[in-house]
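1. Provided below for reference: sequence and predicted model.
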Amino acid sequence: MLAYHSGYDAVKDWYRQKASRELERIRPFLVESNDNEAFLCGGCKPSIADISLYVFLTKLSCIEQQHDDSDNSVSILNQGWIQNYIKVLELLPGVAAYRSTPQFKVSPLNNPHAKWSG
């Protein structure tokens with residue numbers, strides 16, 4: 001099971017109390033193109049900022065999957081604009097190609113806060 005070691009409580013509290021507000025602060029920076037694709041820096045192509053946000057959202061998805069609070073059952077990632085953003089990025093040829101390879105793994109999250117525990 002994916003678990004956050006010593007910082008788990010802080011991550012869980014941030015997720016519960018602030019994540020939704022923080023994501024709403026990003027929304028105005030998304031600029032919609034003619035194809036209803038939204039990118040952080042505008043234009044018709046994603047930037048490294050978009051890939052970074054996409055990776056962050058996939059990490060939030062892992063947090064949501066292990067989130068056990070019954071009073072917070074509404075998914076942050078179920079917001080329409082976030083789902084559309086994720087879908088647009090996952091349909092990019094390079095991202096789609098990578099996600100279809102055996103090298104793609106949903107988890108573990110390889111960062112200082114994550115570890116595997118049994």
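-> Sure thing, it's come through.
2. please make it C-alpha for all contacts and neighbour counts, starting now.
-> Will do.
3. show me the shaky parts of this structure.
-> By pLDDT under 70, the low-scoring segments of the chain are 1-9, 31-37, 66-74, 108-118.
4. quick one, strands of the protein?
-> Remark: strands assigned in the chain by DSSP state E are 2-4, 31-32, 38-39, 114-116.
5. now residue 61. Nearest residue, chain neighbours left out?
-> Spatial nearest neighbour of residue 61, chain neighbours left out: residue 77 (7.2 Å); criterion: Cα to Cα, 6 or more residues apart in numbering.
6. what's near enough to touch that neighbour?
-> 57, 60-61, 83 (Cα atoms under 8 Å, 6 or more residues apart in numbering).
7. so what does the longest helix seen in the chain touch, helix or strand wise?
-> Counting by DSSP state H, the longest helix found in the chain is helix 48-66. Where contact means 3 or more Cα pairs under 8 Å, 6 or more residues apart in numbering; DSSP states H and E, helix 48-66 is packed against helix 80-90.
8. and the helix it packs on, what other elements does it pack with?
-> Looks like helix 80-90 contacts helix 48-66 (3+ Cα pairs under 8 Å, 6+ apart).
9. who touches the helix it packs on?
-> Residues contacting helix 48-66 (Cα under 8 Å, 6+ apart): 2, 12, 39-41, 75, 77, 86, 89, 107, 109.
10. which one (most neighbours) among those residues?
-> residue 39 (23 neighbours; other Cα atoms under 10 Å).
11. beta partners of that one?
-> Beta-bridge pairing for residue 39 (DSSP bridges): residue 31.
12. state whether it and residue 45 are indeed in contact, as I suppose.
-> Yes - counting by Cα atoms under 8 Å, residue 39 does reach residue 45; the two are 7.1 Å apart.
13. may I have the longest helix of the chain as PDB, with CA atoms only?
-> Provided in PDB are the C-alpha atoms of helix 48-66 (Å, rounded to 0.1, in the frame of the first residue of the first chain):
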ATOM      1  CA  ILE A  48       6.500  21.900 -19.300                       C
ATOM      2  CA  ALA A  49       4.200  23.600 -16.800                       C
ATOM      3  CA  ASP A  50       1.300  21.600 -18.100                       C
ATOM      4  CA  ILE A  51       3.300  18.300 -17.700                       C
ATOM      5  CA  SER A  52       4.300  19.300 -14.200                       C
ATOM      6  CA  LEU A  53       0.600  20.000 -13.300                       C
ATOM      7  CA  TYR A  54      -0.500  16.700 -14.800                       C
ATOM      8  CA  VAL A  55       2.100  14.800 -12.700                       C
ATOM      9  CA  PHE A  56       0.900  16.700  -9.600                       C
ATOM     10  CA  LEU A  57      -2.700  15.800 -10.400                       C
ATOM     11  CA  THR A  58      -1.800  12.100 -10.800                       C
ATOM     12  CA  LYS A  59      -0.200  12.200  -7.400                       C
ATOM     13  CA  LEU A  60      -3.400  13.700  -6.000                       C
ATOM     14  CA  SER A  61      -5.300  10.800  -7.600                       C
ATOM     15  CA  CYS A  62      -3.200   8.400  -5.500                       C
ATOM     16  CA  ILE A  63      -3.900  10.400  -2.400                       C
ATOM     17  CA  GLU A  64      -7.700  10.300  -3.200                       C
ATOM     18  CA  GLN A  65      -7.500   6.500  -3.700                       C
ATOM     19  CA  GLN A  66      -6.200   6.000  -0.200                       C
END
